[in-house]
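**Student:** give me the fold of what follows.
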Amino acid sequence: MEILLLLIVVAVAAVIAAVVYARRSRGRDSAPPAPLPPRDPFADKDDGTAGDPLALKAGDMIDWGVERTWIRGTLRLSEGGYTWSEHFLEVEGGKRWLSVEADPDVEIALWTGRPDVDIIPQGRSVELEGVVYELQEKGSGSYRSEGTTGLRAEGGMDYADYESSDGRLLSFERFDHGRWEASTGTKVAPGTFTIYPGS
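**Tutor:** Numbers count the residues shown, from 1 in each chain. Here you go, the predicted model:
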């Protein structure tokens, strides 16, 4: 009888120990992951640009080395499931902006508005100032506006992008069925600027 009672006590203790162990193991497995360590927001990225161009927003400062400028406003553009951004820069006179897209690598271009160009983008090529630009892509999408852009909070847009044989860029955009606006651009190499995030 005493042996049977001892066996029952040992069996109950083994069951309790197994339950406690299982609960502790589950608790360890479901514990939240440790937070990432603090990171320098100005540290160089793998692409050589200090700061993340995909995270640019109104209020950020861009240092080009010889010039500093601030982002006044941003357009978040989308077509189907594809998204890209245009960041309007604070400049004296004229209009400049930085476009950033991941296609799949990050592609950055600096654009200058050309209100003097009155061309409707039609056909496979466009000639401007003796340079022939070939159509790369065109389409329609939607935009969302942040900060100062001169546009409504959201709306529709059309675009047509051209490129010359030597890499110069020409783009046409129209917003909310307005008039076509032309701009010329150049590709921006990684490491050309440093981003200082705004508050």
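
**Student:** quick check: mean pLDDT across stretch 165-181?
**Tutor:** Per-residue pLDDT over stretch 165-181 has a mean of 97.

**Student:** list the buried residues in that stretch.
**Tutor:** Buried residues in stretch 165-181, counted by 16 or more other C-beta atoms under 10 Å: 169-175. The way it works is simple: take the backbone N, C-alpha and C, and place the C-beta from them, glycine included.

**Student:** quick one: contacts of it?
**Tutor:** For stretch 165-181, the surrounding residues in contact (C-beta atoms under 8 Å, 6 or more residues apart in numbering) are 109, 111, 113, 115, 119-121, 126, 128, 131-134, 143, 151-152, 155-164, 182-187.

**Student:** could I have the buried ones of those as PyMOL selection syntax?
**Tutor:** Applied in PyMOL, the following selects the buried portion of the contacts of stretch 165-181 according to 16+ other C-beta under 10 Å:
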select buried, resi 109+111+113+121+126+128+133+143+151+157+158+159+160+161+162+163+164+182+183+184+185
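
**Student:** shaky segments in the chain?
**Tutor:** 1-49, 199 (pLDDT under 70).

**Student:** swap the cut-off to 50 and go again
**Tutor:** Across the chain, the ranges flagged by pLDDT under 50 are 5-6, 10, 27-29, 44-48.

**Student:** quick check, central residue of it?
**Tutor:** Closest residue to the average C-alpha location of the chain: residue 54 at 2.9 Å, with C-alpha atoms, centre = their mean.

**Student:** that residue and residue 184: what is the separation?
**Tutor:** Counting by C-beta to C-beta, to the nearest Å, the gap from residue 54 to residue 184 is 24 Å.

**Student:** same check on residue 118?
**Tutor:** For residue 118, the distance to residue 184 (C-beta to C-beta) stands at 14 Å.

**Student:** swap in residue 128?
**Tutor:** 8 Å.

**Student:** go on, residue 195?
**Tutor:** From residue 195 across to residue 184, the span is 24 Å (C-beta to C-beta).

**Student:** can you check residue 124 too?
**Tutor:** Using C-beta to C-beta, residue 124 is found at 19 Å from residue 184.
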